[in-house]
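Participant: with the sequence up front, the predicted model follows.
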Amino acid sequence: MVLNMDSNADVEVEDRKSGSNSADSEIIMPEIPESILKTLKSRKRHMCIKSQDSIPSCNESSIPGAVTQRSCVYGGARVVLMPITDAIHLVHGPVGCASCTWDIRGSRTSGDDLYKTGFSTDLKEKDIVFGGENKLFETIIELNKLYNPAAIFVYSTCVVGLIGDDLKSVCKKAQEITKCRVVPVQSEGFRSFNKSLGHRIACDALLDYVIGTDSENDQNQIKNENSRYKINIIGEFNVAGDLWAIKSLFERIGVEINCSVTGDSRVAQIVKAYNADLNVVQCQKSSNYLAHEMEKSYGIPSIKVNFFGIEETSESLRAVAEFFADEKMMKKTEELIGGDVKVLRSKIMGYRKRLEGKRVAVYVGGNKAWSLIRSFEELGMNVIMTGTQNGLPEDYQRIQDAVKDGTLVVDDAGSMELARLLKKYKPDLVVSGAKEKYMALKIGIPFCDFNHDRITSFAGFQGFINFAREVDRSVSSPVWNLVPKAFEE
Ligand code: SF4
């Protein structure tokens, strides 16, 4: 494959025969106008302009040389479990795996902060040759003595999978000696091109080693307690305090949060996750599987919710109230929505005036890519480009349903591709994560972080006001009058 690295060039890129995807010849290419972007030949079917039925090819291995922005399976597992605040998260592998995901989420805590410390077995050449099991065992024993944690989650990385360390038996032996819960997470990075497998492995670790592991006596006692209107929030990671915003809405309608998986959670709370009447699933990408398995094991039904945006927050609260079919709760919910939305609309009016008609490029996780579109419409803005790193066909179908004709939809774009798309489409705002932040700023396009690194809560009604303020601060900042835009050079 040959890449022209000149970012200003109208790039023509050809796959070498030996490096191109041999499956290309069998794939029926969706209709993509030549004019979207010149890129690797085998990448073209991953982009499309919304028309009647088109969605981009997705959920496939990234093409070598395309410089994907994706994370690995271990990263996927780590982001799901890391917000458990009173646990040690021990990465069994070379130190790089631990450092590149340390504090990867801006998950906030209301108490314990052990999860903020990074731990690694720091495997070296000698360990790779002779095996890393002894080092892992000794590390667990030492960490337990030093920190007395509620649990130790042990993550397997690529090299551990290759040398064949028996993670499960080391964890079992260490647990017998320490009496601390030691949870193996078989998350070798190479196990899939899609980090979603890591989410699933993390959910399996919770199902097999944490949820419902208390004694039968404890479980019976809890079930006999008055447990009206208890829910678990699944797939909510308390980035910038989002969980707390959602929690306060539920408290106002008389619904109690039994546990959150996993934002601002403690191990003991997750053990008792079986004690809920309903699972509400916020991040459907990481947590549908867990909800499904909990329904099979504990009979807890689930509903999908979304607390980003005015309509989504309102509909999610209504769905929970309707599930409990309690007249009083439904009335309270309508009063809450009516009052809060009225205040919200008056507060965002000023922002909306400045943002009306501005064009947005969104490149975020699967379900955010479609749920954010409506939020921008609320601000009078137009989404002209959207995409995800690991979207599934159902995510792209929802994007297809939500965006207007003519919107560009792109799957698994590399950084160079994204930079070229931004220069070509010239949006007024890019909404994405840390990896895309400086690329957008260097091109001269305002940026809003909607990923793990943001420091402002965007959930619920107050969150939407914060979101509108953040977007307005980025787009309307006078600094952009002084910064030359790369596409105007
Ligand atoms: S791909 Fe493998 S080596 Fe790289 S961070 Fe993931 S687990 Fe570590």
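Facilitator: It's in. Numbering: from 1, shown residues only.
Participant: spit out the contact partners of Lys368.
Facilitator: Residues near Lys368 by CB atoms under 8 Å, 6 or more residues apart in numbering: 308, 362, 450. For the C-beta atoms, the positions are set from N, CA and C on the backbone; glycine is no exception.
Participant: just give the closest residue to the first one, not the sequence neighbours.
Facilitator: It stands for Phe308. Distances taken as CB to CB, 6 or more residues apart in numbering put Ser371 closest to Phe308, at 5.5 Å, once the chain neighbours are dropped.
Participant: which phi and psi does that neighbour have?
Facilitator: Main-chain dihedrals, Ser371, degrees, to the nearest 10: phi -70, psi -30.
Participant: and it, how many neighbours?
Facilitator: Ser371: 20 surrounding residues under other CB atoms under 10 Å.
Participant: counting by contacts, list what the helix or strand hosting Gly76 packs against.
Facilitator: Using DSSP states H and E, Gly76 sits within helix 73-81. Applying 3 or more CB pairs under 8 Å, 6 or more residues apart in numbering; DSSP states H and E, we find helix 73-81 packed against strand 87-92, strand 151-156, helix 196-209, helix 284-298.
Participant: excluding chain neighbours, what is closest to Ser57?
Facilitator: Arg45 is the one closest to Ser57 (CB to CB, 6+ apart), at 4.4 Å.
Participant: shouldn't Leu317 be in contact with Val255?
Facilitator: No - with contact defined as CB atoms under 8 Å, Leu317 does not reach Val255; the gap is 9.0 Å.
Participant: for Val261, grab the count of nearby residues.
Facilitator: Val261: 32 surrounding residues under other CB under 10 Å.
Participant: for it, helix, strand, or coil?
Facilitator: For Val261, the secondary-structure state derived from DSSP: H, G, I helix; E, B strand; the rest coil is strand.
Participant: identify the bridge partners of the closest residue to it other than its chain neighbours.
Facilitator: The shortest distance from Val261 to any non-neighbouring residue, by CB to CB, 6+ apart, is to Ile234 (4.6 Å). Going by DSSP bridges, Ile234 is paired in beta bridges with Val261, Val281.
Participant: pLDDT wise, what is Ile234 at?
Facilitator: Ile234 is assigned 96 on the pLDDT scale.
Participant: which residues are in contact with it?
Facilitator: Counted by CB under 8 Å, 6+ apart, Ile234 has contacts 260-261, 279-283, 287, 290-291, 302.
Participant: also Val360?
Facilitator: 376, 381-385, 427-431.
Participant: now Val305
Facilitator: So Val305 contacts 280-282, 312, 316, 319-320 (CB under 8 Å, 6+ apart).
Participant: repeat that for 10 Å
Facilitator: Going by CB atoms under 10 Å, 6 or more residues apart in numbering, Val305 touches 231, 233-236, 246, 279-282, 284, 312-313, 315-317, 319-320.
Participant: just Asn194 next, same as before
Facilitator: The contact partners of Asn194, by CB under 10 Å, 6+ apart, come to 58-62, 70-73, 76, 200, 389-392, 412.
Participant: export stretch 202-215 as PDB, just CAs?
Facilitator: Extracted C-alpha coordinates of stretch 202-215, given in PDB (Å, rounded to 0.1, in the frame of the first residue of the first chain):
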ATOM      1  CA  ALA A 202     -15.800  -7.700  31.300                       C
ATOM      2  CA  CYS A 203     -19.500  -8.500  31.700                       C
ATOM      3  CA  ASP A 204     -18.700 -12.200  31.900                       C
ATOM      4  CA  ALA A 205     -16.200 -11.500  34.700                       C
ATOM      5  CA  LEU A 206     -18.900  -9.700  36.700                       C
ATOM      6  CA  LEU A 207     -21.500 -12.400  36.000                       C
ATOM      7  CA  ASP A 208     -19.100 -15.300  36.900                       C
ATOM      8  CA  TYR A 209     -17.200 -13.800  39.800                       C
ATOM      9  CA  VAL A 210     -19.100 -10.900  41.300                       C
ATOM     10  CA  ILE A 211     -22.900 -10.600  40.800                       C
ATOM     11  CA  GLY A 212     -24.900 -12.900  43.200                       C
ATOM     12  CA  THR A 213     -21.800 -14.400  44.900                       C
ATOM     13  CA  ASP A 214     -23.100 -13.600  48.400                       C
ATOM     14  CA  SER A 215     -24.600 -16.400  50.500                       C
END
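Participant: wait, does it contact the ligand?
Facilitator: No - if you take CB under 6 Å from any ligand atom as the test, stretch 202-215 misses the ligand, and the best it gets is 13.8 Å.
Participant: roughly how far does the residue in the chain positioned nearest to the ligand sit from Val160?
Facilitator: The nearest approach of the chain to the ligand comes at Gly189, 2.7 Å away (CB to the nearest ligand atom). According to CB to CB, to the nearest Å, Gly189 and Val160 sit 10 Å apart.
Participant: can you pick out the residue with more neighbours from the two?
Facilitator: Val160 (31 against 23).
Participant: contacts only, for the more buried one.
Facilitator: Taking CB under 10 Å, 6+ apart, we find Val160 in contact with 74, 91-94, 97, 121, 123, 127-128, 131-133, 136, 154, 166-167, 186-189.
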